[in-house]
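[1] Kindly generate the corresponding structure for this input.
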Amino acid sequence: MSYVDQAFVAYRYPTIDSLQYPMDEGTRAEHQAFLRAVQECDTLIDDIVANPTTASVYTRPSSSQLVARLYTIAYGLAERHTKSNEQSIFTYLTRLMDAGYAEFAALCARLIKQQENESR
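    Model (predicted):
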């Protein structure tokens, strides 16, 4: 299961066990770790919306944990997007791009656009 799939499942369905989603033991363990990352990032996402110019942008070397966090941030910001916090979110996305994570900023922007199209 890709990180994109995991992020989608994590935000739409908070506990994988309640779904009894079919996956092997290794994938289940990886997904459980991803769900923990999602929970840890909730506070960070609130901070990003409130303080987009000072909230943390991860700059340490690439790792699967870093990638999971960046996907989580992209999905979390898209989920919390409203017209009133849009400027804050896009300010942070600009900082993500400047830090070398343009693909995650683009993912978030695409998800926001998709949500806007669905709500019409």
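[2] Centre-most residue in the chain?
    By CA atoms, centre = their mean, the chain has its centre lying nearest to Thr72, at 2.3 Å.
[3] what's the closest non-adjacent residue to it?
    Cys41 (4.5 Å; CB to CB, 6 or more residues apart in numbering). Yep, even glycine has a C-beta here, placed from its N, CA and C like the rest.
[4] how far out from the middle of the chain is the lengthiest helix in the chain?
    Counting by DSSP state H, the longest helix found in the chain is helix 25-50. A distance of 8 Å separates the centroid of the chain from that of helix 25-50, by CA atoms, centre = their mean, to the nearest Å.
[5] low pLDDT regions in this structure?
    1-23, 31, 33-34, 59-64 (pLDDT under 70).
[6] Now do the helices in it.
    3-12, 16-19, 25-50, 64-80, 86-98, 102-118.
[7] highest average neighbour count across those helices?
    Among the helices of the chain, helix 64-80 has the highest mean neighbour count (mean count of other CB atoms under 10 Å), at a mean of 21.
[8] angle of it against helix 102-118?
    Helix 64-80 runs at 30 degrees relative to helix 102-118, counting by axes from the mean of the first three to the mean of the last three CA atoms, to 10 degrees.
[9] Report all helices and strands that helix 64-80 contacts.
    The contact analysis (3 or more CB pairs under 8 Å, 6 or more residues apart in numbering; DSSP states H and E) places helix 64-80 against helix 3-12, helix 25-50, helix 86-98, helix 102-118.
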